[in-house]
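Participant: My questions are about this predicted structure, shown below with the sequence.
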Amino acid sequence: MIVKKESEFKNWFRKNYRKFGFSKIVRDDIGECPDFIMLRDKKEVGVELETLASNFELHSHHKDEIDEIICIVNNRDLNIPTTEAKGLEFQGKERTSFTVDKGTVKIIDSLVKTGKYRNRSHAVEVAIELLVKKEMEKQSK
């Protein structure tokens with residue numbers, strides 16, 4: 001099954017939680033960490049679902065908030081019990097974090113204000129696409 005966003009993964013998990021040894025959903029997703037509180041061997045387990053394990057850090061979660069992570073792609077060692085969901089393929093966008101100086105932020109914000117870009121991330125994504133295109137044109141000459 002192809003998953004493009006975390007909400008699809010959560011819907012899949014609701015139907016397939018027994019594959020991970022859970023007997024019951026104690027608390028369904030309420031929009032805060034952990035996403036689910038599950039029952040396994042008569043113990044409550046705080047579970048955070050992530051399409052990519054690295055998103056755990058990008059979402060600014062803390063290790064003491066959960067007991068385990070269930071992900072589609074385990075792309076980062078977080079020193080937290082982490083299980084990959086078998087049979088799923090993540091084809092969504094990958095979030096990344098970067099640091100820029102104030103001048104660059106002003107430039108990006110001015111681009112967003114033109115209305116041509118949804119947000120800062122979109123403006124940066126388009127800029128990178130243009131850089132790649134330009135670099136490929138140079139290499140083909």
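Facilitator: In hand now; what should we look at?
Participant: what's near enough to touch A53?
Facilitator: 69, 71, 73-76, 78, 82 (C-beta atoms under 8 Å, 6 or more residues apart in numbering). Any C-beta I mention is one placed from the backbone N, CA and C, and that applies to glycine too.
Participant: quick one: least confident helix or strand in this structure?
Facilitator: The helix or strand of the chain with the poorest confidence is helix 55-58; it has a mean of 87 (mean pLDDT, DSSP states H and E).
Participant: Is it possible to get CSV of the contacts of A53 that adds neighbour count and pLDDT?
Facilitator: Compiled in CSV, the contacts of A53 are given as follows (neighbours: other C-beta atoms under 10 Å; pLDDT from 0 to 100):
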residue, neighbour count, pLDDT
I69, 25, 98
C71, 24, 97
V73, 17, 95
N74, 17, 95
N75, 15, 93
R76, 15, 90
L78, 16, 93
T82, 17, 97
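Participant: which of those lies closest to I30?
Facilitator: I69 (17.8 Å; C-beta to C-beta).
Participant: mind checking how far that closest one is from C33?
Facilitator: Relative to C33, I69 is positioned 11 Å away (C-beta to C-beta, to the nearest Å).
Participant: All set now, cheers.
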